[in-house]
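Participant: Have a look at this prediction, sequence included:
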Amino acid sequence: MALTHHILSVLVENKAGVLARVSGLFSRRGYNIESLAVAPTDDERFSRITIVVDAESAPIEQITKQLFKLINVIKISELTPSEAVERELMLASVAADASTRSQVIELVQVFEGKIVDVGAGALTLMMVGMPSKLDDFEELIRPFGIVELQRTGRVALPRLERGAARLRSVKGKVG
Amino acid sequence: MKLTGAQALIKSLEMENVEVMFGLPGGCILPAYDPIIDSTIRHILVRHEQGAGHMAEGYAHVTGRPGVALVTSGPAATNLVTPLCDAYMDSIPVVAITGQVSRPAIGTDAFQECDTVGITRPVTKHNELVMDPDEIPRIVREAFHIATTGRPGPVLIDVPKDVLQAEMTWNWPDSVDLPGYKPNTKPHPRMIKEAARLIGESRRPVFYIGGGILKSRAAEPLRALVELTGIPVVTTLMARGAFPDRHPLALGMPGMHGNFTAVAAMQKADLLIALGARFDDRVTGKVSTFAPDAKIIHADIDPAELGKVRRPDVPIVGEARLVVEELIRAVTDLGGAGAQADRGPWLEQLRAWQAEYPLAYDEPLDGDNLKPQMVIETLRDACPEDTIVASGVGQHQMWTSQYWKFDHPYTWVNSGGLGTMGFAVPASIGAKVGCPDRMVWAVDGDGCFQMTAQELVTASSERIPVKIAILNNAYLGMVRQWQEMFYAERYSEVYLSPDLPDYVKWAEAMGCAAFRVETPSDVLPTIEKANQINDRPVVVEFRTDSEEKVFPMVAAGQSNDDIQTAVGVQPMKRA
């Protein structure tokens, strides 16, 4: 199966401007970012940037090598989609009046989402899952009328094998 | 010990053994200029901040030590962007220090504020905004470490005015702790062994030598490796001088304006041993047809260069000097010179090409304008062998690289990757500051000279006796050449005039000795006169032939196989 995207989990120093360095490198060298999520780690000195890169835009090897050249980048792990657990969170406010409300609620139940806010003519839904599942859900609620929608971009961790972890460290400065 | 941030900054530079810095003061950097009065560091006051950057580069080129530039915020910082980018492209160690508006004013569009760190991020190896005066020593120490190790490059430190004014506790770090920066300098033994095996078997090998050999001070071991293996050498524009041009195995410069033998040797090679080179488009021509039969050994300190343009058969990450030394050992282990494949026919072929397609130009007739190549050859022969030559960018740069004989490392200072017109004058000044006992000539074009000539005022007032040869062909010559060859002689905005400005008067106004040469018989005597002047800069304007073109030439985007030794003459296609 041809890869459509790569997931890079990049451990960086938690310093001002580091995200700009990373995103600037991607734009300057013409690498397409599909999504990007930044979050602190359990160690406050570091943050983790999860980047989903379009596999077409450049060889992943060149992307990781260029990233390694940034002084603030500590470690890069490439997560193969088949060997990673990927999740994304979506919040969506959907028009739902008396006539459609029950259908929307039913859909949410089928997709194991949650209703997190209720208004007179709309519901706000929360859905966590594989990005593809969120895509499907988005398609299905669109006919009801999406008022607002927000997605986080995906985060990922290596799938736990029965045995060794599969966090494949890209060869580089951290042994 | 309590110091101001400004004192700590200058003291940190002293701790890094900085001897000289190039700069120009202004509002935000003012506090740092006060302790300079009491410092051991020589400060050279430039006339434009771009000059400070190129001088720092010229100094670094010839000494191998990091060049330092010190300027203020806003427009001064933006004026420094070009030299920073130039240093980034050519891997020159430079540490630039810029003033910034005070911390509370950052982000308010204050007077002379700009986002210096943001603007220079893509053109520096690293940069840092100092927000805490206590961090000044650590950040300076790290900046010099980053600039000079691994693949060298420019590092910028942006210091807000109130950080310079604030009090801090002096603390010089014993070591550098950068968890994300550990350049891999030692080549992998298995790769070295594999490379040595390929070298021994190859029948048509070429050493493809780049600037990395000079950066890692590896010219001497390189010569030993070349002589051990008997393999011919091309030196790229950034590596001129890394291997002596007068050596029998030297083929000279490859690439767009390389000589025929150097280009053809790479095209017909069965093995390219690329050391500290990066397969630049000016060397490869059309990549898909570059050296089609060659296996590639590619050694570079920067892992990202391996496979960026051409996938190597043997990739080697490591510092060029260590790679060369390990290769010598590995080749020797496999039997050394005696175990090399027979390369008699290959060397014979190369000699035949050299004899058939030497660099050539028509002798000028009396009364004609001078031939630029003849000026350069005369200059070359009239100067000491270890003369340092700087150049700008364009035809004069290519002719200088082609016709000079570089027999010593660190004698060639030019802008390769970025191609910065105006580089020559300030870079030659920086070079002369770094090597005051050597003769320093800049070969410049009339277009380039007009971009940065004001730095000759700096040279005069600081008594830095550089010598500038302007090849005045009254045109932006390289652009003119392309318009002649590729735009049907439709000359658009390339004419500059031979006598506006009057270069002699201009140079004299800047405190230089100045001469104009219009006839061939005056070339040598004037150069000799210029070489006698050591108390001030000299400018010699040579009136050269506007129609002279740089050959050989591989047109942009074309295959190296299409190399033209003269208009329409394509020997490799014929063969």
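Facilitator: It's in. Numbering: from 1, shown residues only, chains lettered A, B, ... in the order given.

Participant: Any idea which residue is closest to the centre of chain A?
Facilitator: Centroid check for chain A by Cα atoms, centre = their mean gives A:Arg154 as the closest residue, at 1.1 Å.

Participant: and that residue, how far is that from B:Ile470?
Facilitator: As judged by Cβ to Cβ, to the nearest Å, A:Arg154 and B:Ile470 stand 59 Å apart. Quick note: C-beta positions are derived from backbone N, CA and C, even for glycine.

Participant: Return the residues in contact with the residue nearest to the centre of chain A.
Facilitator: Applying Cβ atoms under 8 Å, 6 or more residues apart in numbering or on different chains to A:Arg154 gives the contacts A:Ile7, A:Ser35, A:Ala37, A:Thr50, A:Val52, A:Glu86, A:Arg87, A:Glu88, A:Pro131.

Participant: ok, now which ones touch the first one?
Facilitator: Read it as A:Ile7. So A:Ile7 contacts A:Thr50, A:Ile51, A:Val52, A:Val53, A:Glu78, A:Leu79, A:Thr80, A:Pro81, A:Ala84, A:Glu86, A:Arg154, A:Ala156 (Cβ under 8 Å, 6+ apart).

Participant: Give me the pLDDT value at the residue nearest to it when sequence neighbours are not counted.
Facilitator: Nearest residue to A:Ile7, sequence neighbours excluded (Cβ to Cβ, 6 or more residues apart in numbering or on different chains): A:Leu79, at 4.1 Å. With respect to pLDDT, A:Leu79 scores 88.

Participant: does A:Ile49 really touch A:Ser35, like I thought?
Facilitator: No - if you go by Cβ atoms under 8 Å, A:Ile49 and A:Ser35 don't touch, sitting 10.9 Å apart.

Participant: Let's verify the residue of chain B found nearest chain A: helix, strand, or coil?
Facilitator: Using Cβ to the nearest Cβ, the single residue of chain B nearest to chain A is B:Ala304, 3.7 Å away. Under DSSP: H, G, I helix; E, B strand; the rest coil, the three-state class of B:Ala304 is helix.

Participant: and what of B:Ala76?
Facilitator: helix.

Participant: if I look at the closest residue to it other than its chain neighbours, how far off is B:Leu13?
Facilitator: In space, and not counting its chain neighbours, B:Ala76 is closest to B:Glu49: 4.7 Å by Cβ to Cβ, 6+ apart. B:Glu49 sits at a distance of 18 Å from B:Leu13 (criterion: Cβ to Cβ).

Participant: Between the two, tell me which one has more neighbours.
Facilitator: B:Glu49 (27 against 24; other Cβ atoms under 10 Å in any protein chain shown).

Participant: quick one: buried residues of stretch B:389-408?
Facilitator: Within stretch B:389-408, the residues that count as buried by 16 or more other Cβ atoms under 10 Å in any protein chain shown are B:389-406, B:408.

Participant: brain fart, stretch A:87-106
Facilitator: A:Arg87, A:Glu88, A:Leu89, A:Met90, A:Ala92, A:Ser93, A:Val94, A:Ala95, A:Ala96, A:Thr100, A:Arg101, A:Val104.

Participant: next one: it to chain centre, how far?
Facilitator: Stretch A:87-106 sits 22 Å away from the centroid of its parent chain (Cα atoms, centre = their mean, to the nearest Å).

Participant: Can you classify B:Trp441 by secondary structure?
Facilitator: Criterion first, three-state DSSP; result for B:Trp441: strand.
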